[in-house]
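Asker: From the sequence below, what's the structure:
(one chain, ligands or ions: 1)
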Amino acid sequence: MDGVQSVEVARAETERGEVVLRRRTTGAGADVLELRVNGVFVMDTLETTSEIELAAQALALVEEPAAVLVGGLGLGYTLQRVLADPRVQRAVVVEIEQALVEWMRDGTVPHGPALLADARASVVNADIAMAIAEARTHYDLVLLDVDNGPGYLVHQANEAVYEPQFLHRCRDVLRDGGVLVVWSANPAPDLLAAMRDVFGDAEEQAHDVLLQDRPEQYFLYLARR
Ligand SMILES: C[S@@+](CC[C@H](N)C(=O)[O-])C[C@H]1O[C@@H](n2cnc3c(N)ncnc32)[C@H](O)[C@@H]1O
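Answerer: Residues are numbered from 1 along each chain as shown. You can find the predicted model right below:
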């Protein structure tokens with residue numbers, strides 16, 4: 001992008017590749033943090049509508065969303081929206097990259113420390129596939145945003161997260177009436193069909209977003225147990 005300054009803020013090398021935080025300054029002079037994994041843009045702090053809607057849409061569907069499981073901490077916008085709801089008593093976030101959790105805790109991501117200081121929030125450093133497979137408690141909401149979606153994976157291993165076996169397991173960890181929402185950067189008809197098979201019904205929502213002044217859409221897939 002012409003004229004846009006971008007500097008590296010933090011970097012970690014993991015067994016899955018590199019995780020990088022960069023800061024850029026918009027034309028209006030605002031600082032924006034950007035998360036990149038293996039060279040792929042994952043998200044930034046400028047356009048967070050769909051990360052917030054991932055939580056908001058689910059919260060609106062359940063009367064008492066006391067316990068919430070979030071897959072993928074990222075820069076914390078889904079978690080922030082979950083914790084903004086006073087009905088939520090417990091929010092468990094599963095994040096595979098320990099370095100990112102540390103950047104959120106130590107203020108490398110400036111809004112991180114206050115967010116993670118909320119006594120209702122806990123962060124588990126694990127693969128969501130493992131965490132869901134081993135879950136012993138039930139949740140009112142399961143919110144998944146661990147990759148760019150089934151058509152545009154950052155980590156090939158995350159393919160499983162969009163498949164029927166895993167979706168069945170998500171249904172198992174939901175209380176009756178509980179809701180699963182899955183985020184995707186692109187339309188995901190196979191995911192919608194798999195969720196309809198597993199849950200009996202499922203809904204696709206398209207959300208308008210602005211990516212560096214370019215209008216785009218991101219997608220949410222919702223199903224209720
Ligand atoms: C797009 S970001 C999540 C954004 C988040 N919704 C927010 O509001 O900031 C995806 C996150 O999922 C994490 N992740 C990727 N694969 C994962 C997995 N299998 N299990 C848990 N976390 C994973 C990434 O490290 C990254 O932090």
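Asker: The residue nearest to Val9 when sequence neighbours are not counted in helix, strand or coil?
Answerer: With sequence-adjacent residues excluded and distances taken as Cβ to Cβ, 6 or more residues apart in numbering, Val9 is closest to Leu21, at 4.3 Å. In short, each C-beta sits where N, CA and C put it, glycine included. Recorded secondary structure, Leu21: strand (DSSP: H, G, I helix; E, B strand; the rest coil).
Asker: So what would you say the end-to-end distance of stretch 16-30 is?
Answerer: Using Cα to Cα, to the nearest Å, the end-to-end distance of stretch 16-30 comes to 31 Å.
Asker: Does it reach the ligand?
Answerer: No: using Cβ under 6 Å from any ligand atom, stretch 16-30 stays clear of the ligand, with a minimum separation of 6.6 Å.
Asker: Name the residues that touch the worst-scoring helix or strand of the chain on mean pLDDT?
Answerer: Within the chain, no helix or strand scores below strand 40-44, which has a mean of 92 by mean pLDDT, DSSP states H and E. Identification of contacts with strand 40-44 by Cβ atoms under 8 Å, 6 or more residues apart in numbering yields Val32, Leu33, Glu34, Leu35, Arg36, Glu51, Gly74, Leu75, Asn148, Val154.
Asker: Among the residues you listed, which ones lie close to the ligand?
Answerer: Glu51, Gly74, Leu75.
Asker: picking up where we left off before, the residue nearest to Val9 bridge partners, please.
Answerer: Counting by DSSP bridges, Leu21 is bridged to Ala10, Leu35.
Asker: I figured it was touching Glu102, is that so?
Answerer: No: applying Cβ atoms under 8 Å, one finds Leu21 not in contact with Glu102, separated by 11.2 Å.
Asker: which neighbours do these two share?
Answerer: With Cβ under 8 Å, 6+ apart as the test, Leu21 and Glu102 both reach Thr108.
Asker: For the ligand, give me its nearest residue in the protein.
Answerer: With Cβ to the nearest ligand atom, the shortest gap between the chain and the ligand falls at Gly74, namely 2.3 Å.
Asker: Double-check that that residue belongs to a strand.
Answerer: No: going by three-state DSSP, the assignment for Gly74 is coil, not a strand.
Asker: right, is the helix or strand harbouring Arg171 up against the ligand?
Answerer: Following DSSP states H and E, one finds Arg171 within helix 164-173. No: using Cβ under 6 Å from any ligand atom, we find that helix 164-173 stays clear of the ligand, coming within 10.4 Å at best.
Asker: CA-only coordinates of that helix in PDB, if you can.
Answerer: What follows is helix 164-173, C-alpha atoms only, in PDB (Å, rounded to 0.1, in the frame of the first residue of the first chain):
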ATOM      1  CA  PRO A 164     -19.000 -33.200  10.600                       C
ATOM      2  CA  GLN A 165     -17.000 -35.100  13.300                       C
ATOM      3  CA  PHE A 166     -15.900 -31.900  15.000                       C
ATOM      4  CA  LEU A 167     -19.300 -30.200  14.600                       C
ATOM      5  CA  HIS A 168     -20.900 -33.300  16.200                       C
ATOM      6  CA  ARG A 169     -18.500 -32.800  19.100                       C
ATOM      7  CA  CYS A 170     -19.400 -29.100  19.300                       C
ATOM      8  CA  ARG A 171     -23.100 -30.100  19.500                       C
ATOM      9  CA  ASP A 172     -22.200 -32.500  22.400                       C
ATOM     10  CA  VAL A 173     -20.600 -29.800  24.500                       C
END
